[in-house]
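> 3D, please:
(chains A and B)
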Amino acid sequence: MEATTVGRPHPEARTRTRATTRTGPPLGRQVLTWGSVVLIVLFCLFPIYWLLNTSLKSGQDLSSGGVLPPHPTLKNYDSIFSNSAFTKALRNSVIVSFITTTISLIIGSFAAYALARLRFPMKFLLLAVVLSISTFPPIAVAAPLFKLWSDIGLFNAKYGLGLIPPALTFSLPLTIYILTSFFREIPKDLEEAALVDGATRFQAFRKVVLPLAAPGMVTAGLLVFFFAWNEFLFAVTLTSTPDARTVPAAIAFFVGSVKFEEPLGTISAAGITVMIPLVILVLIFQKRIVAGLTAGAVKG
Amino acid sequence: MATAAEAPAVGGARKRSKAYGRAERRLAAMMVAPSVAVIALVAAYPIGYAIWLSLNEYSVRVPGLSRWAGLRNYKNALTDHEFWSAFWTTMGFTVISVTLELILGLAMALAMHSAFKGRGLLRAVVLIPWATITAVTAITWRSIYEPNLGFVPQVLDKIGIGENVLWLGERGYALSVMIVADVWKTAPFMALLLLAGLQVISEDVYEAAKVDGANTWQRFTKITLPLLKPAILVALLFRTLDALRIFDLPAVLTQGANGTNTLSLHAYQQLTQNRLIGLGSALSVITFLIVMTVSFLYIRFVGGNIRTLTEE
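Okay, here's the model as predicted:
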C-alpha cells in the first residue's frame, strides 16, 4: 500500500539518514538532549535525595544542613519503627489499600464488562455520571460522611476500615474507565466461541475475558493502590486515633497543628519509608502505570 | 443498530435474539449494580445530605439542635472575607501551577521524546514524584525550605540574597513553596500524558515539513502544537480539576497559614475546628459547584472517548 512508500524515505534520503546515524545527530542537538535528560533526573530526584539526606542525620548534624550527612545514621529509622503510631499507620494503610484495590477490581470489572460488551440502555449516561463522580471534591461529602459514620459506628473504625467505602467511590470510576477500554480491545470472537460451546455470558467473562485482560487488571489495580495509599482528606476526617489512622493522616499528625512535634529527621525517615514500596512498584510496573495514566488522554 | 450487531452472532433468529436481549439486560443490570450502589451510597446520597446540612443552622450549645436557615449560611459564606481569600488563593494557585506544569511538562515530554536511549529510565524517574504521596511531598519541600538547614535557604544565603526569609512563614513566599511542590509532583504526570500524545504523531509529517524547508521552531508551532492540542486540553482540564480541589498539600505544608488557605481546606477548618456545620457545609457545596463547572467542561471534552467506549 501507499503507507510503505510513505513510511520509507526515498533512496537518497535514506543514505542521508544512515550517514547521520553513524555519527549521531548533530553535536549541539545531542548536548541539548542529554543536558535536558540530566536536568529532568535532577528535578525529579533531588528533592527525594534531600529528604533521604535529612533522614540520615540526627542531633547536631540536623542543624548543619550539608548536602551529605556528615555522620550517616539510621537512628531516625529506629525511632519511627519503635513508634507504634507509625507502625500501626503502615499496617492500616496496607490493609485499606489492599482491600480497596481488591473490591474495586472485582465490582469494577463487572461494571466495565457490562459497559464494554453488553447491550443495555443509558450506557453513555452511566459512564458519564461515573466519571464525573471521580471529579467531585471530596470535601463535599466529608461532613455528611462524618455524621453518618459516627451514627453507624464506622467513625475511627479499627484498621481504617471506615475509609474503604469513600475510597471506593473515587477508585471505582478509575477502575471502570480503564477496564472498559481494555475489555473493548479483546477480540469478540473468543467470547463468542465460548458461548457457542455452551458457556453462559458470565462464564465467558470469567474464563475468557478476565484472563486476557490481566494486564489491564494490573494497571487498574496499581493506580487504585497508589490512589488509596495517598488518600488524605477522609483519612483525617474519619479517624481520630492511631488504631485507625493511615500513613498520610499519621504524617499530618506528626507534623502537628502548629509546629513540628517530631523532629525533622524522624518525619523525613517516615516519608522515605512510606515511599519505598511505591518506588519498587514504579520500577517494576512503569510501563503498565504509564499505560493506565494515558488510557483516557490519548485515544479519540 | 442492535439487530445489525446481533445478526452475525445468532444467524438472524429474531425470536432468540429478543429473548437473549432481555437476559443480556438483566445480566448487565446485575453487573453494574454493585458499583452503582457504592457510588450512590457514598457519593450521591452524602452530596444531597451536604446540601441539606448547608440549609440549616445548628446550635453551638445544644448538640443536635438545628433549625431551617434557608440560604443564610451561603450569605454568610459569600460575605466572609476568609472565603474570598481562600477563593483567590485557590484560583491563583490553580492558574499559576497548572500553567507552569504545562510548560515544564511539555518541555520534559519533548526531551523524553527525543532521547531514545534513556527513555525507559526516564519514564521510571519521572514516575517517582507522581508516586510520592502528597503528605510526603509536603514534608519533602518543608525540609528543602526549612530555615537555615534547608537546601534553598542555604543556597540563597551563599549567593547573598533572600536572607532571613521564612519561606513557609510569610505570605506570598508560602504560596510559592506550595506551587513549587505541586509543580514538582505533577509536571511529570503532565509530561507522560503529553509524551503519549507526541508518540502518536507520525514521523512522516515532520519529514515532509523538513523537506519543505520548515525549521525546528516552525515544525513545533505548526505541527506539534496543533496535533497535540487534544492531549493538552484533556491534561489541562484534568490538572485544573485537581488543583481546584487541593487540600492535602496546604494541610501538611502550612495548615493553610500565611495565605495558603484553599477552598477545601477552609471548608474543612470551619467544619472540624470551628464546628460550624451549616457554614462549613455551605462552603463545601460552593466548592463542589465551582469544581463541577470545570468538570462539566472536562466530561464534555472526553465525551468522545466515553462514546467510543460505550458504543456497540
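> tell me which element B:R67 is part of?
Using DSSP states H and E, B:R67 sits in strand B:66-68.
> just the strands in the chain please.
With no chain named, the answer covers chain A. With DSSP state E, there are no strands along chain A.
> sorry, should have said chain B
B:56-58, B:66-68.
> quick one: strands adjacent to the first one?
With DSSP bridges as the criterion, the sheet partners recorded for strand B:56-58 are strand B:66-68 (antiparallel).
> distance from the strand it pairs with to the middle of the chain?
35 Å (CA atoms, centre = their mean, to the nearest Å).
> scan chain A for its longest helix.
helix A:84-117 (DSSP state H).
> please determine how far A:P166 is located from B:Q270.
20 Å (CB to CB, to the nearest Å). From N, CA and C alone the C-beta is placed, and that goes for glycine too.
> isn't B:L102 right up against B:A231?
No. The pair B:L102 / B:A231 is not scored as a contact, 11.1 Å apart, by CB atoms under 8 Å.
> those two: which has the busier surroundings?
B:A231 (22 against 17; other CB atoms under 10 Å in any protein chain shown).
> distance of the closest residue to that one other than its chain neighbours relative to B:A243?
Closest residue to B:A231 apart from its sequence neighbours, by CB to CB, 6 or more residues apart in numbering or on different chains: B:G197 at 3.1 Å. Distance of B:G197 to B:A243, computed by CB to CB: 20 Å.
> same deal with A:R117?
Taking CB to CB, one finds A:R117 at 36 Å from B:A243.
> so for the chain, the centremost residue is which one?
Reading this off chain A. In chain A, the residue lying closest to the centroid (CA atoms, centre = their mean) is A:F226, at 2.9 Å.
> you answered for a different chain; I wanted chain B.
With distances taken as CA atoms, centre = their mean, the residue of chain B nearest its centroid is B:D242 (1.7 Å).
> and the gap between the closest residue in space to it that isn't next to it in sequence and B:V136?
Counting by CB to CB, 6+ apart, B:T186 is the residue found nearest to B:D242 once chain neighbours are left out, at 7.3 Å. Distance of B:T186 to B:V136, given as CB to CB: 14 Å.
> where does the chain dip in pLDDT?
Looking at chain A here, since you left the chain open. A:1-25, A:64-65, A:256-262, A:296-300 (pLDDT under 70).
> my bad, chain B
In chain B (pLDDT under 70), the answer is B:1-20, B:116, B:162-163, B:312.
> again, only using 80
Low-confidence segments of chain B (pLDDT under 80): B:1-20, B:59-65, B:115-119, B:148-149, B:160-165, B:299, B:301-312.
> which residues of the stretch 201-300 of chain A lie near chain B?
A:201-202, A:226, A:229-230, A:232-233, A:236-237, A:247-248, A:251-252, A:255, A:257-258, A:264, A:267-268, A:271, A:274-275, A:278-279, A:281-283, A:286-287, A:289-290, A:293-294, A:296-300 (CB under 8 Å from any CB of the partner chain).
> what about the nearest residue to A:F205 once chain neighbours are set aside, how many residues close to it?
Nearest non-adjacent residue to A:F205, counting by CB to CB, 6+ apart: A:Y113, 5.2 Å away. Neighbour count for A:Y113, taken as other CB under 10 Å: 27.
> so A:Y113 versus B:G304, what's the distance?
22 Å.
> B:I290 too?
In this view, B:I290 and B:G304 are 25 Å apart by CB to CB.
> the two: which has the busier surroundings?
Between B:I290 and B:G304, B:I290 has the larger neighbour count (other CB under 10 Å), namely 17 against 12.
> what's around the nearest residue to the more buried one once chain neighbours are set aside, how many residues?
Once flanking residues are discounted, B:I290 sits nearest to B:L244: 6.4 Å by CB to CB, 6+ apart. Counted with other CB under 10 Å, the neighbours of B:L244 add up to 23.
> equivalent analysis for the one 4 residues further on, please.
Taking other CB under 10 Å as the criterion, the count of residues near B:D248 is 26.
> ok, the nearest residue to it once chain neighbours are set aside - contacts?
Sequence neighbours aside, A:F232 is the residue nearest to B:D248 in space, at 3.7 Å (criterion: CB to CB, 6+ apart). Counting by CB atoms under 8 Å, 6 or more residues apart in numbering or on different chains, A:F232 makes contact with A:P248, A:A249, A:A252, B:I133, B:T134, B:A135, B:F247, B:D248, B:A251.
> let me know the closest of these to A:V41.
A:V41 lies nearest to B:I133 out of these, by CB to CB, at 21.1 Å.
> that closest one - nearest residue in space that isn't next to it in sequence?
Closest to B:I133 by CB to CB, 6+ apart is A:N230, at 4.4 Å.
> for B:E57, same thing?
Spatial nearest neighbour of B:E57, chain neighbours left out: B:A69 (3.9 Å); criterion: CB to CB, 6+ apart.
> is it true that that neighbour touches B:L55?
Yes. B:A69 is within contact range of B:L55, at 6.2 Å (criterion: CB under 8 Å).
> any shared contact partners between these two?
Shared contacts of B:A69 and B:L55, defined by CB under 8 Å, 6+ apart, comprise B:G278.
> from what I can see A:Y77 touches A:A270, true?
No. At 9.0 Å, A:Y77 does not count as touching A:A270 under the criterion of CB under 8 Å.
> comparing those two, which residue is more hemmed in?
A:A270 (30 against 17).
> so what's the more buried one up against?
A:I80, A:F86, A:A250, A:I251, A:F254.
> tell me how far A:V141 lies from B:G259.
For A:V141, the distance to B:G259 - CB to CB - is 27 Å.
> more crowded one of the two?
Set A:V141 next to B:G259 and count neighbours by other CB under 10 Å: A:V141 wins out with 26 against 19.
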